[in-house]
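Participant: Could you look at this predicted model? Sequence included:
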Amino acid sequence: MHGQRSTYVSALIYTAASLLGASAFLAATTLRGDYDWVARLGGAGWVFSLMMIILMPTVTPWVKKRLGGRQG
Amino acid sequence: MKGEMAEGKVKEVTLPVAGMSCAACVNKVEKALEGLPGVGAARVNLAAGSAGVEYDPGRVGYDQMEKAIRDVGYEVPWDRIELLVLGMMGTHCQSIIEKAVGEMPGVVHVRVNLGTDSVAVEYAGAVLSAAQIRKTIRELGYEVSDKAEGEASLDRERQARQQEIRRQLVNLLIAAPLGLLVMAGTFRDYWVLHTFIPGFLGNKYVLWALATPVVLGPGRQFFVNSFNGLRRGVTDMNLLYATGIGAAYFIAVINTFWPNAGFGGEKATFYESAALLTTFIVLGRYLEAVTRGRTSEAIRKLMKLQPKRARILRDGQEMEIPADEVQADDILVVRPGESIPVDGVVSEGYSAMDESMITGESLPVEKRAGDEVIGGTINKTGAFRFRATRVGKETALAQIIKLVENAQATKAPIQRLSDTVASHFILGVHVLALGVFLFWFFGGFNWWFDPNSHFILSPTELSGLKVFGFSLLLSVTVLVISCPCAVGLATPSAIMAGSGLGAQNGILFKGADAMEATAKLQTVIFDKTGTLTKGEPSVTEVVSLDRREDDVLRLAAIAEKNSEHPLGEAIVRAARERGLAVPDAEEFAAIPGHGVEARHNGSLILLGNRRLMTQRQVALGPLLAEAERLEQDGKTAMFVAADDQAIGVVAVADTLKDSSARAVQELHRLGLEVAMITGDNRRTAQAIARQAGIDRVLAEVLPQDKAAEVRKLQEQGRRVAMVGDGINDAPALAQADVGLAIGSGTDVAKETGHVILVKDDLLDVVGAIQIARFTMGKVKQNLAWAFGYNTAAIPLGAGILYPFFAQVVSPELAAFLMAISSLSVTLNAMSMRGFRPPIRRGGRPAAGRPPVRAETAPREAKGIGQRLEEVH
């Protein structure tokens, strides 16, 4: 149960953070105005992918440790 | 999960793990295992392909550990035995065998096939042996024989590697031709290529059809493994490959089916990048699989020494049985040219043995009744019989193999550092790839992009690319070029080869840390008695007033013939060695604390110290000065008188071993300080030190204080090795940075010390340091190359040359460079094969000797000379 909970919590955190990063990218490119939609969406997708890859292995053990520490 | 295990329930097991290729794999497997409930710690060794696991057997089983390892993309090649079992009558027998064998500790799977009368068992070879499984089934009342030949573990290891080689070869055979076709099609319009490359190959749909099987076939392993790793929160090299290949393929597909999407259009399909990237990575994997196994050649050579069959004597009949079924106390028969199956003691016959494979001794060793023989050595000349004393896992060869395997499974401090760097590196590379993408997207493209620019070593123009395609390309190239495979392989591949080299020379390093510490030594301390010296007194000089030395020695020997004292034995031995007749004395009497008196042919012979001569009023004359000279050299001088006339002096001392002085000289050549530690008095100790050329003497040190003396030197900031007897000097060996247990013989498992020298030869101390330095030199070369490669390659991949030369590294060139980097590290480790320490090649002796500096420990102790003098 505890393992499942930490998996969900970490998935929520890294997905949200990656979406936030991708949204920031999208916002920045939209505000500058000189990028076509492919560059904006493609770039946001790539930023999202890399952020997921970076955050998944860092957030997961961190959350496991935090939740494990509280319980035990 | 660490620390959750109940104390006392913790067990350790070494699991074989196949398919790992880099430090990140190590991290991945360790994390997967440590994530299991009931697993305390997991230590993975990349080069040995094994994982040492501390676990609670009540909470976690082999199946779960195997599953965790498989889940992250690796194989567990268990030891496997297939037996022919006769007497099984039905499913009842099947369940009995499955239950009995299945409950044995170390058994993973049991499969009974009634149709073929066979039982296949998968088990952890580190926990139990095939012989134990056979014995269990036999005890249930069945007839058991091997269905396959022995050497199971060797075969298993070879099979696992060959499977990996075959798998990557199949991948390569798919990827390489298709990749070449894709490349030919992509570059068809350049130069004269269109004259012989058919037009349809340049069609983007044909390119898609050719590239897709490469990405989804041989490239699939990277996607699956990286996904499994990410699920468990770990990253590895596969992730770099997967993102690199995936991104290149993704852009190509978009440009094929939606050319106006802005990814570079029809001219920028990049199928050749995806296909060649996969091909080069698979090529790298294949070459690594082929070469990496060869760094462990030494251990396989040791394994091969064990003969499969043994000829034993039962009821007066010779019969052949499998070697691993020989029991202790069996009598075995060995003929010329045959290998010895187990350890034992010669009971009958005479021969010379080639023991070079175990002890490193190149000359044949004579064996007669009562002498020990070692399993795995080769009988050169005569036939003999011997009684088995140590069999199975107890034999010297099995112990040595275990010790070397354990050593190869440990990590040197330098490796822990590089593993940490490598494991964090992958995340760092992804962060860098993100940074590179953002930099080129928001700034670099606008500032420097030139539509006529090219890939390095490629005619492909980048004109079709727009800001996203170009930034993505550089980001992907960074991912591919940065792979730290070489960093991960640098240390274990060299350590593995180095510990094997040691084993071939009778030098057993107990761990990679021992190897690293040995390479860094500054001071070597030798125990004196029994290590530097022979440990028994012998006659060193005979002085006669009228040049009749033989007569003096003969009379002394006659007087001492009935003595059981070591001094007397040394005199009698010396007389016999000179071919002198030593008849019995008519009368003999020991005079405690003084010497002996004896009568021979009517003459009264006195042999003893000054006090005896003074008491008997024997005038010593010029002999007194001679005796003082000898005593100055640390020798025990004994006067000989016949009929109250002093006729000579016999000097006895514990002498240096043949190799001591040369070993000290060679250590000086290596730039090491050499010290000697002894309980002897300072005069005796200095005399020995002078002969050996030793720099520093620690005299009058009680045995229990030797460790404290070692500590004192360490406190002066020196990295100290202690060379001594593995049992008596154990505390000092343990205290030293490196404890070298010398002359341990073949019972290596009982030895303390970090390095075990099988032979009683001090030159092996030099050999150990030379092998350790050579190995660590290779480690440093490998690390310098690996880190150097990454340091140089990352800026190239990130496009540092682009603003100046308008050229970028293509993803496929990045993959090629990465593969070459890993391969060069493995080849460098392989080049260690065949290295012999210079001391064993007959190195040049050093000139000159440093001065002796004597230090006396502030304790009361008596040296051997002093003790002998008192007793006599």
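Facilitator: Great, that's in hand.
Participant: Nearest the middle, which residue of chain A would you pick?
Facilitator: Nearest to the mean C-alpha position of chain A, by C-alpha atoms, centre = their mean, lies residue A:18 at 2.3 Å.
Participant: Tell me the buried residues in stretch B:46-65?
Facilitator: B:46-56, B:59-60, B:62, B:64-65 (16 or more other C-beta atoms under 10 Å in any protein chain shown). Where C-beta positions appear, they are placed from N, C-alpha and C, glycine not excepted.
Participant: And for stretch B:648-663?
Facilitator: B:648-657, B:659-663.
Participant: circling back to that earlier point, how near is the residue nearest to the centre of chain A to chain B?
Facilitator: From residue A:18 over to chain B the distance is 11 Å, taken as C-beta to the nearest C-beta, to the nearest Å.
Participant: Show me the buried residues of stretch B:46-65 that map onto strands.
Facilitator: Among the buried residues of stretch B:46-65, the ones falling in strands (DSSP state E) are B:50, B:51, B:52, B:53, B:54, B:55.
Participant: for the residues you listed, which one is nearest residue B:211?
Facilitator: The nearest member of those to residue B:211, counting by C-beta to C-beta, is residue B:51 at 36.6 Å.
Participant: ok so, going back, next step: the buried residues of stretch B:648-663 restricted to strands.
Facilitator: B:648, B:649, B:650, B:651, B:652, B:653, B:654, B:655, B:656.
Participant: By proximity to chain A, which residue of the stretch 401-550 of chain B wins?
Facilitator: residue B:468 (3.9 Å; C-beta to the nearest C-beta).
Participant: give me the element that residue is part of.
Facilitator: Secondary-structure element containing residue B:468, defined by DSSP states H and E: helix B:467-481.
Participant: Quick check: next helix or strand after that helix?
Facilitator: Criterion used, DSSP H and E; the element after helix B:467-481 is helix B:485-504.
Participant: Can you tell me which helices and strands the helix holding residue B:468 packs against?
Facilitator: helix A:37-71, helix B:237-257, helix B:413-439, helix B:445-448, helix B:763-797, strand B:807-808, helix B:811-830 (3 or more C-beta pairs under 8 Å, 6 or more residues apart in numbering or on different chains; DSSP states H and E).
Participant: Any chance of TSV for those, columns mean neighbour count?
Facilitator: As requested, these are exported to TSV (neighbours: other C-beta atoms under 10 Å in any protein chain shown):
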stretch	mean neighbour count
helix A:37-71	18
helix B:237-257	25
helix B:413-439	20
helix B:445-448	14
helix B:763-797	22
strand B:807-808	22
helix B:811-830	23
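Participant: Among those, which comes closest to residue B:387?
Facilitator: Among the helices and strands packed on helix B:467-481, helix B:763-797 sits nearest to residue B:387 (C-beta to C-beta), with 29.3 Å.
Participant: quick one: the lowest-mean-pLDDT helix or strand in chain A near chain B?
Facilitator: When each helix and strand of chain A is scored by mean pLDDT, DSSP states H and E, helix A:37-71 comes last, with a mean of 80. Yes: using C-beta under 8 Å from any C-beta of the partner chain, helix A:37-71 reaches chain B at A:37-39, A:42-43, A:46-47, A:49-51, A:53-54, A:56-58, A:60-61, A:64.
Participant: and residue B:551, what is it in contact with?
Facilitator: B:544, B:647 (C-beta atoms under 8 Å, 6 or more residues apart in numbering or on different chains).
Participant: what comes up buried for the helix or strand hosting it?
Facilitator: Per DSSP H and E: residue B:551 is located in helix B:549-560. For helix B:549-560, a neighbour-count test (16+ other C-beta under 10 Å) marks B:551, B:552, B:553, B:554, B:555, B:556, B:557, B:558, B:559, B:560 as buried.
Participant: before we move on, what about stretch B:710-723?
Facilitator: B:710, B:713, B:718, B:719, B:720, B:721, B:722, B:723.
Participant: one step back: could you quantify the relative orientation of the least confident helix or strand of chain A and helix B:237-257 as an angle?
Facilitator: Counting by axes from the mean of the first three to the mean of the last three C-alpha atoms, to 10 degrees, helix A:37-71 lies at 150 degrees to helix B:237-257.
Participant: counting contacts, what elements does helix A:37-71 pack onto?
Facilitator: helix A:2-32, helix B:220-231, helix B:237-257, helix B:413-439, helix B:467-481.
Participant: again, only using 6 Å
Facilitator: helix A:2-32, helix B:413-439, helix B:467-481 (3 or more C-beta pairs under 6 Å, 6 or more residues apart in numbering or on different chains; DSSP states H and E).
Participant: List of residues touching the shortest one?
Facilitator: Taking C-beta atoms under 6 Å, 6 or more residues apart in numbering or on different chains as the criterion, the residues outside helix B:467-481 that touch it are A:39, A:42-43, A:46, B:240, B:243-244, B:247, B:263-264, B:432-433, B:436-437, B:440-441, B:445, B:793, B:797-799, B:809, B:811, B:814-815.
Participant: Can I get that helix in PDB? Just the C-alpha atoms.
Facilitator: The C-alpha atoms that make up helix B:467-481 are tabulated as PDB, following Å, rounded to 0.1, in the frame of the first residue of the first chain:
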ATOM      1  CA  VAL B 467      14.700  26.300 -35.300                       C
ATOM      2  CA  PHE B 468      13.100  23.300 -33.600                       C
ATOM      3  CA  GLY B 469      14.700  20.700 -35.900                       C
ATOM      4  CA  PHE B 470      18.100  22.200 -35.500                       C
ATOM      5  CA  SER B 471      17.900  22.600 -31.700                       C
ATOM      6  CA  LEU B 472      16.500  19.100 -31.300                       C
ATOM      7  CA  LEU B 473      19.300  17.700 -33.400                       C
ATOM      8  CA  LEU B 474      22.000  19.100 -31.200                       C
ATOM      9  CA  SER B 475      20.100  18.100 -28.100                       C
ATOM     10  CA  VAL B 476      20.000  14.500 -29.300                       C
ATOM     11  CA  THR B 477      23.600  14.500 -30.300                       C
ATOM     12  CA  VAL B 478      24.600  15.600 -26.800                       C
ATOM     13  CA  LEU B 479      22.600  12.600 -25.400                       C
ATOM     14  CA  VAL B 480      24.300  10.100 -27.600                       C
ATOM     15  CA  ILE B 481      27.900  11.400 -27.500                       C
END
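Participant: what bridges to residue B:591?
Facilitator: According to DSSP bridges, the residues that bridge with residue B:591 are residue B:595.
Participant: pLDDT score for it?
Facilitator: As predicted, residue B:591 sits at a pLDDT of 81.
Participant: ok, back up a step: of the ones in strands among the buried residues of stretch B:46-65, just say which sits nearest to residue B:672.
Facilitator: Nearest member of these to residue B:672, counting by C-beta to C-beta, is residue B:52, at 33.0 Å.
Participant: my guess is that closest one contacts residue B:45, does it?
Facilitator: No: between residue B:52 and residue B:45 there is no contact under C-beta atoms under 6 Å: 7.7 Å.
Participant: sorry, back to before: ok and the helix holding residue B:468 relative to helix B:237-257, angle-wise?
Facilitator: Going by the same axes, to 10 degrees, helix B:467-481 makes 150 degrees with helix B:237-257.
Participant: Skipping its backbone neighbours, what lies nearest whichever residue of the stretch 51-200 of chain B sits closest to chain A in space?
Facilitator: Relative to chain A, the nearest point of the stretch 51-200 of chain B is residue B:72 (12.2 Å; C-beta to the nearest C-beta). What sits nearest to residue B:72 in space, not counting adjacent residues and going by C-beta to C-beta, 6 or more residues apart in numbering or on different chains, is residue B:32, at 4.6 Å.
Participant: quick one: contacts for residue B:447?
Facilitator: Here residue B:447 is in contact with no residue (C-beta under 6 Å, 6+ apart).
Participant: give me the element whichever residue of the stretch 1-150 of chain B sits closest to chain A is part of.
Facilitator: Taking C-beta to the nearest C-beta, chain A has its nearest neighbour within the stretch 1-150 of chain B at residue B:31, 8.1 Å off. Residue B:31 is part of helix B:23-34, with elements assigned from DSSP H and E.
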